[in-house]
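**Q** can't give you the sequence, but here's the structure:
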């Protein structure tokens, strides 16, 4: 098949600074570089990743304030553009994409990508109507040409909860490691704690939301101070900022913990940190953990569902701790500071998530 004649579309609500959004950015840019005609279809064209979209990718703005309101605009797009394949990400967007394909009667193949543990994601959602999603998925996901789960744990849980046919679900890891990532990791960082590093710096990266459980990391860091003076930087923005700032003040950590907000190049921070910590309560396949490995930075992670145990080979590549256990997390960070994992092991494992190999797996679906 000639790549120049293949139109491939990616659909997601926006380019907000999350893991799924970053993966869709990487995939769309990567396939465009290979010569494919790529559309990045957004319910609303906004978010911090928007300016990182390649000029070879066409951004299609459906101009909808909510994903559900983009349904008929997406129907119109499918009818007029007829892409060979449309990849969608995030459960609510996946449902809209599949319904739009049915209404449009388009020949476009829809592949729905699942990035997180369905049951935990729904259970922790504040809106009750979101709890209908597993039922909708059970009836609507079989319309897809295929389902992409970003880890084996996500695949197993999705099949268990929704009873989808096993042969419909494909496990494809996220395309994380690229030459661009490695190049950016060598950039300078202006943060004073990393420019003139007097004591070790611990790093966390992610949206400031309940799922990431940054209170656990901050409390563990507080415990760590009794045995190992250090500093903590958490990159990201989100609805939990005020609560996190209150916790930092309550624990008297204002001069030891910094929340700089969203940073376009977190890889440079990762490369210069002493330990990267993932404190999440649940995940799908935590991209930031792989990115940290690629920069050669030792990692500590909660053994949450799902992904960290797969990425870290059941603790051979980095320390795994129980979810929510601040004392175990503090102890694991301390151990990693004393005896960091060899960088060769980290870099070898990160190679399994290279963009080239993952792009090829997506092309096989096309």
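**A** Done, it's in. These figures come from a predicted structure and were not determined experimentally. Numbers count the residues shown, from 1 in each chain.
**Q** assign a three-state SS to residue 11, would you?
**A** Taken by DSSP: H, G, I helix; E, B strand; the rest coil, the conformation at residue 11 corresponds to strand.
**Q** surely it meets residue 87?
**A** Yes - in this structure, residue 11 is within contact of residue 87 by CB atoms under 8 Å, at 7.1 Å. Quick note: C-beta positions are derived from backbone N, CA and C, even for glycine.
**Q** these two: who's more crowded?
**A** Neighbours were counted for residue 11 and for residue 87 using other CB atoms under 10 Å; residue 11 has more, 31 against 28.
**Q** beta-bridge partners for the more buried one, please?
**A** Following DSSP bridges, residue 11 is listed with bridge partners residue 41, residue 88.
**Q** that one: what's it in contact with?
**A** Residue 11 makes contact with 41-42, 74, 86-89, 93, 97, according to CB atoms under 8 Å, 6 or more residues apart in numbering.
**Q** same check, this time on residue 189
**A** By CB under 8 Å, 6+ apart, the contact list for residue 189 reads 195, 268-269, 272.
**Q** next one: residue 286
**A** Residues counted as contacts of residue 286 (CB under 8 Å, 6+ apart) are 19, 278, 280, 301, 307-308, 311.
**Q** same thing with residue 30?
**A** 175, 178, 355, 359.
**Q** what about those residues, which one has the most neighbours?
**A** Sorting those by how many neighbours each has (other CB under 10 Å) puts residue 175 first, at 22 neighbours.
**Q** can you verify it is assigned to a helix?
**A** No - secondary structure assignment (three-state DSSP) places residue 175 in coil, not in a helix.
**Q** which residue, neighbours along the chain excluded, lies closest to it?
**A** Using CB to CB, 6 or more residues apart in numbering and skipping residues adjacent in sequence, the residue nearest residue 175 is residue 358, 3.4 Å away.
**Q** thought the one you found was touching residue 172?
**A** Yes - counting by CB under 8 Å, residue 358 does reach residue 172; the two are 6.4 Å apart.
**Q** hmm, residue 73 is touching residue 61, no?
**A** No - Residue 73 lies out of contact with residue 61 (CB under 8 Å); the separation is 9.2 Å.
**Q** after the host helix or strand of residue 193, which helix or strand is next? Please name it.
**A** Using DSSP states H and E, residue 193 sits in helix 192-195. Note on helix 192-195: by DSSP H and E, the next helix or strand toward the C-terminus is strand 201-205.
**Q** and the contacts of that next one?
**A** Defining contact as CB under 8 Å, 6+ apart, one finds that strand 201-205 is touched by 193-194, 212, 214, 217, 221, 230-236, 266, 269-270, 272-279, 288, 291-292, 297, 333.
**Q** go with 7 Å
**A** 193-194, 214, 217, 221, 230-236, 266, 269-270, 273-277, 279, 288, 333 (CB atoms under 7 Å, 6 or more residues apart in numbering).
**Q** on that earlier part again, okay if I get the contacts of residue 11 as JSON lines plus pLDDT and distance to residue 326?
**A** Formatted as JSON lines, these follow (pLDDT from 0 to 100; distance: CB to CB, whole Å):
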{"residue": "41", "pLDDT": "98", "distance to residue 326": "42"}
{"residue": "42", "pLDDT": "98", "distance to residue 326": "38"}
{"residue": "74", "pLDDT": "98", "distance to residue 326": "44"}
{"residue": "86", "pLDDT": "98", "distance to residue 326": "43"}
{"residue": "87", "pLDDT": "98", "distance to residue 326": "38"}
{"residue": "88", "pLDDT": "98", "distance to residue 326": "37"}
{"residue": "89", "pLDDT": "96", "distance to residue 326": "32"}
{"residue": "93", "pLDDT": "96", "distance to residue 326": "35"}
{"residue": "97", "pLDDT": "98", "distance to residue 326": "40"}
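**Q** where in this structure is pLDDT low?
**A** Along the chain, segments meeting pLDDT under 70 span 1-5, 120-131.
**Q** one more time with 80, if that's ok
**A** Within the chain, the segments meeting pLDDT under 80 span 1-5, 17, 117-132.
**Q** list the contacts of residue 350.
**A** Residue 350 neighbours (CB under 7 Å, 6+ apart): 177, 290, 293-294.
**Q** try it again at 8 Å.
**A** 176-177, 290, 293-294.
**Q** swap in residue 110?
**A** Residues in contact with residue 110 (CB under 8 Å, 6+ apart) are 85-86, 88, 97-98, 101, 143-145.
**Q** then residue 349?
**A** Applying CB under 8 Å, 6+ apart, we find residue 349 in contact with 293, 311-313, 317.
**Q** got it, and residue 273?
**A** By CB under 8 Å, 6+ apart, the neighbours of residue 273 are 194, 201-203, 233, 297.
**Q** for those, which one is nearest residue 119?
**A** Ranked by distance to residue 119 (CB to CB), these are led by residue 203 at 29.5 Å.
**Q** where do the strands sit along the stretch 201-350 of the chain?
**A** Remark: strands assigned in the stretch 201-350 of the chain by DSSP state E, counting those that start in this stretch are 201-205, 231-235, 257-261, 275-278, 299-302, 319-321.
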